[in-house]
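> here are the coordinates; sequence isn't available:
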Ligand SMILES: Nc1ncnc2c1ncn2[C@@H]1O[C@H](COP(=O)(O)OP(=O)(O)OP(=O)(O)O)[C@@H](O)[C@H]1O
């Protein structure tokens, strides 16, 4: 079946473009003046909960009209354009799969809704891509989380779209299911499709995509290759709690390091502020050895994702 899938695929690369896009719900500004372009390959849309990722994806899919600005797919506005719907598939965040249907029935109903010429062949192709052939005649209620998610991807792919948008596709998956889904997204990108998926977990995005768009509080906070984003995040000022066999002595020598912006001696240990976390952690171990001080704990104090993201926004 996979062979059929490959030979009949007509997907080509497509570009989705947001220009000065804003959206609000009542008084809540969900998306604030975002301009970005997503092309073929896998792109990660990264941001903490409530950042506006879902709103962006829904505007891209043409389900939501931007209050300001414009969303274009290959130069055409996406809002309420059936032509656009034919080129684009969306896998929503909420799992709305009817458990009483089989994957075959579920995907076939999508093929019929799209008015495809040969819905059965399109269904076989989509089920082949997500590798659900063996389970396709079983009710979806008997599937694992990962299988249900793949059935949803198959339904979003049934019309062979050039663009696939996925909202938090890895949520609730175990590591094996994640790997399977990552492999699937890579394969689809390899066919030239434009794949955009949202996530609030940096590692997820890092493993899957070269390009990352970071959204924080409705704004585009950073954009580019994941190495660039990672560097921005790791080079940010951060605070560590350090415990050792001689905190007072260690504090005094740490003050002499260029990478250290401040040291405070607290009952729980040393609180060290650093402007370069890589240089600091490397120097710390060396210094402790040289001074014959035993390190018992080195803990980042501000590693929450929200802190990392807020730092990016302030840049
Ligand atoms: N229908 C709605 N009515 C009112 N406010 C909304 C609505 N949908 C989203 N919001 C608000 O808009 C902001 C952005 O929400 P959105 O769902 O786009 O973010 P998100 O990054 O996808 O977050 P999550 O991962 O938690 O879904 C949030 O503050 C959210 O509370």
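Cool, got the structure. All of these numbers come straight from a predicted model, not from anything done at the bench.
> okay, CA-based contacts and neighbour counts for the rest of this
Fine.
> contact partners of stretch 273-293?
234-240, 244-246, 250, 253-254, 257, 259-263, 294-295 (CA atoms under 8 Å, 6 or more residues apart in numbering).
> give me that answer again for 10 Å
With contact meaning CA atoms under 10 Å, 6 or more residues apart in numbering, stretch 273-293 is reached by 233-242, 244-247, 249-250, 253-254, 257-264, 272, 294-295, 298, 300-301.
> what's whichever strand or helix holds residue 207 packed up against?
For residue 207, the host element (DSSP states H and E) is helix 202-208. Using 3 or more CA pairs under 10 Å, 6 or more residues apart in numbering; DSSP states H and E, the elements in contact with helix 202-208 are strand 41-46, helix 175-190, strand 194-199, strand 211-216, helix 226-234.
> Take those and write them to CSV, including mean neighbour count, mean pLDDT and distance to the ligand.
Listed next are the helices and strands packed on helix 202-208 as CSV, based on neighbours: other CA atoms under 10 Å; pLDDT from 0 to 100; distance: least, CA to the nearest ligand atom, whole Å:
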stretch, mean neighbour count, mean pLDDT, distance to the ligand
strand 41-46, 27, 92, 8
helix 175-190, 17, 87, 18
strand 194-199, 26, 93, 7
strand 211-216, 25, 89, 8
helix 226-234, 15, 72, 18
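> And those: which comes nearest residue 82?
Among the helices and strands packed on helix 202-208, strand 194-199 comes nearest to residue 82, with 18.6 Å by CA to CA.
> Just checking: what are the partner strands of that closest one?
Strand 194-199 has these partner strands in its sheet, going by DSSP bridges: strand 41-46 (parallel), strand 163-166 (parallel).
> Tell me where the stretch 201-315 of the chain has strands.
Using DSSP state E, counting those that start in this stretch, the strands of the stretch 201-315 of the chain run over 211-216, 219-225, 238-244, 260-266, 269-274, 295-300.
> winner for burial among the ones you listed?
strand 211-216 (a mean of 25; mean count of other CA atoms under 10 Å).
> What strands line up against it, and which way round?
When DSSP bridges is applied, strand 211-216 pairs with strand 41-46 (parallel), strand 219-225 (antiparallel).
> what kind of secondary structure is residue 83 in?
helix (DSSP: H, G, I helix; E, B strand; the rest coil).
> Now do the contacts for it.
For residue 83, the contacting residues are residue 76, by CA under 10 Å, 6+ apart.
> how about stretch 278-292: buried residues?
Within stretch 278-292, the residues that qualify as buried are 280, 284, 288, counting by 16 or more other CA atoms under 10 Å.
> And the last one, what's its pLDDT?
Model confidence at residue 288, expressed as pLDDT, equals 92.
> now the first one
Looking at residue 280, its pLDDT is 85.
> so how far is residue 232 from it?
Per CA to CA, to the nearest Å, residue 280 is found 16 Å from residue 232.
> Next, format the buried residues of stretch 278-292 as CSV and append distance to residue 56.
Output for the buried residues of stretch 278-292, formatted as CSV (distance: CA to CA, whole Å):
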residue, distance to residue 56
280, 38
284, 43
288, 48
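> Among those, which lie within helices?
280, 284, 288 (DSSP state H).
> which one of those sits closest to residue 31?
residue 280 (36.6 Å).
> so how far is residue 294 from that closest one?
17 Å.
> In which helix or strand does residue 170 reside?
Counting by DSSP H and E, residue 170 is found in no helix or strand.
> Near the ligand, which residues of this structure? Just list them.
Residues of the chain that fall close to the ligand, judged by CA under 6 Å from any ligand atom: 25, 30, 49, 50, 51, 52, 53, 54, 55.
> Can you verify my assumption that the fourth one contacts residue 198?
Which is residue 50. No - using CA atoms under 10 Å, residue 50 is not in contact with residue 198; the gap is 11.9 Å.
> that older thread, between the strands paired with strand 211-216, which gets nearest to residue 134?
Minimum separation from residue 134 across the strands paired with strand 211-216 (CA to CA) falls at strand 41-46, 27.5 Å.
> what element comes up after the closest one heading to the C-terminus?
Next along from strand 41-46, by DSSP H and E: helix 53-60.
> So for residue 236, what's the pLDDT?
Model confidence at residue 236 (pLDDT) stands at 65.
> got the residue ranges for the helices in the stretch 1-150 of the chain?
2-8, 53-60, 82-87, 103-113, 119-129, 145-157 (DSSP state H, counting those that start in this stretch).
> where does this protein dip in pLDDT?
Confidence mapping of the chain against pLDDT under 70 gives the ranges 1-12, 230, 233-237, 302-315.
> how much space is there between residue 276 and the ligand?
Going from residue 276 to the ligand by CA to the nearest ligand atom, to the nearest Å gives 29 Å.
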